[in-house]
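K.L.:
structure for this input, please:
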Amino acid sequence: MDKTAIILLAAAAVAALYFFIVEVPKSRRLRRKYAEEAEKEEIERRRLLAEMEAADRGTVRFPIAGINYRAGISRYEGIIDVRLVEDPRNEFDELAIKIIAEDGSLLGYVPRGMTRLVREKFGLPVYATAEIEQDGDGGQHYVGEVAILPQ
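P.N.:
Below is the predicted model of the structure:
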């Protein structure tokens, strides 16, 4: 065996050792982390589903996520009709559901943990009612809640 072959074999051995010592454990940790996150999401989904089923398709309520990022939200204060529609272009969540006012303005989103359930139980689009009010801090922040009424 010549020197070049020995050097190539040694380099391959070092690369293999690195892979098994560093990369394999890292990959296992990541798989375990993702599996734990998926399990938590599934537990939350099942909890929310059980809550909805317990209500026997009664009114389902949830907060409006991101409401305080919308300009002019104060004009919607009170009880209004809304539509829940898909937002396939949402870069943060491919299952995102927008909450739209009657005039077409974006009010916010269905919370991430509720999107799958809303899709499974009601389909899209969904017509619902929202209540928007000040958060009690002098008009700086608003809170909103959507109610999907039984069909």
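
K.L.:
other SSEs contacting the helix or strand bottoming out on mean pLDDT in the chain?
P.N.:
Using mean pLDDT, DSSP states H and E, helix 24-54 stands out as the lowest-scoring helix or strand of the chain, at a mean of 77. The contact analysis (3 or more CB pairs under 8 Å, 6 or more residues apart in numbering; DSSP states H and E) places helix 24-54 against helix 115-122. Just so you know, the C-beta spots here come from the backbone N, C-alpha and C atoms, and that holds for glycine as well.

K.L.:
buried stuff in the helix it packs on?
P.N.:
By 16 or more other CB atoms under 10 Å, the buried positions in helix 115-122 come out as 115-119, 121-122.

K.L.:
okay, domains of this structure per the record?
P.N.:
Domain assignment of the chain by automatic domain parsing yields the ranges 1-54, 60-148.

K.L.:
just give the nearest non-adjacent residue to the residue nearest to the spatial centre of the chain, would you?
P.N.:
Centroid-nearest residue in the chain, with CA atoms, centre = their mean: Arg112, separated by 2.6 Å. Nearest non-adjacent residue to Arg112, counting by CB to CB, 6 or more residues apart in numbering: Asp93, 5.8 Å away.

K.L.:
you'd agree the one you found is up against Thr115?
P.N.:
Yes - Asp93 lies in contact with Thr115 (CB atoms under 8 Å); the separation is 7.2 Å.

K.L.:
can you give me the angle whichever strand or helix holds Tyr18 makes with helix 24-54?
P.N.:
Element membership for Tyr18 (DSSP states H and E) is helix 3-18. Angle, helix 3-18 to helix 24-54, by axes from the mean of the first three to the mean of the last three CA atoms, to 10 degrees: 30 degrees.

K.L.:
state the mean pLDDT of helix 3-18.
P.N.:
Across helix 3-18, pLDDT averages out at 80.

K.L.:
try stretch 129-137
P.N.:
Mean predicted confidence for stretch 129-137 is 83.

K.L.:
what does it rub up against?
P.N.:
Contact partners of stretch 129-137, identified using CB atoms under 8 Å, 6 or more residues apart in numbering, comprise 64, 67, 73, 76-82, 99, 107, 141-147, 149.
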